[in-house]
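Undergrad: Show me the folded form of this:
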Amino acid sequence: MQHKLLLIASCALLLVAAGCKEKNKPQEQITANIATPVWVAPADYDMTSSMTAVVRVDLSQKYAEQLKIVGYAQTADDLLAAFNGNDCLGVAKQQDGLFYLFITSPATTGEGKVTDFTIRYYSAKLKNIFESESFAYYDDGTLGNIGTPCVPVFRIAK
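TA: From the prediction side, this is the model:
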């Protein structure tokens with residue numbers, strides 16, 4: 001009789017453990033403990049464009065539980081930067097809820113000319129980097145303004 005009880009108890013523990021394993025399955029994390037990046041805009045460039053942007057990160061339902069714990073808010077230490085591949089083209093800090101970003105191109109024509117870029121947003125509060133969709137680069141172009149800022153769509157950077 002004791003062996004049957006022991007067997008039943010062991011099976012019950014295995015079933016509970018299997019259920020807990022699924023519950024504790026790691027999720028994509030908003031908070032990642034990424035240190036403030038050192039993004040540096042090039043000092044030597046031929047052309048610039050500008051972007052006036054507000055940041056809206058996908059804070060969808062799948063992140064709701066984390067956000068209740070973390071509490072999301074932009075801070076003065078947040079950064080926005082333009083990238084062509086891994087080349088930084090410009091960096092901006094938040095000012096009154098907006099980012100004023102100058103995007104550079106190292107050449108006006110040829111191999112060094114920038115044709116597209118993405119935006120990376122570092123949240124100091126969430127300690128994570130988010131990345132936008134791709135934008136086309138235009139010499140002396142302007143994306144957004146104070147009245148109608150650009151609103152890139154961000155996702156967690158991989």
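Undergrad: I129 reaches R120, doesn't it?
TA: Yes: taking CB atoms under 8 Å as the definition, I129 is a contact partner of R120 at 5.6 Å. All C-beta spots, glycine's among them, are computed from the backbone N, C-alpha and C.
Undergrad: ok, now which ones touch the residue most central in space within the chain?
TA: Compute the mean C-alpha point of the chain, and by CA atoms, centre = their mean the closest residue is F130, 0.6 Å away. By CB atoms under 8 Å, 6 or more residues apart in numbering, the residues touching F130 are 57, 120-123, 154-157.
Undergrad: Same question for Q74.
TA: Q74 touches 55, 94, 97, 123, 125, counting by CB under 8 Å, 6+ apart.
Undergrad: Buried among the residues you listed? Need that as a selection in PyMOL.
TA: Listed next is the PyMOL selection for buried residues among the contacts of Q74, using 16 or more other CB atoms under 10 Å:
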select buried, resi 55+94+123
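Undergrad: all strands for this protein, in order.
TA: With strands called from DSSP state E, the chain shows them at 47-53, 56-57, 79-84, 87-95, 98-105, 116-123, 128-136, 142-143, 153-156.
Undergrad: Mind checking those strands for the one nearest to A73?
TA: For A73, the closest of these is strand 116-123, at 9.1 Å, according to CB to CB.
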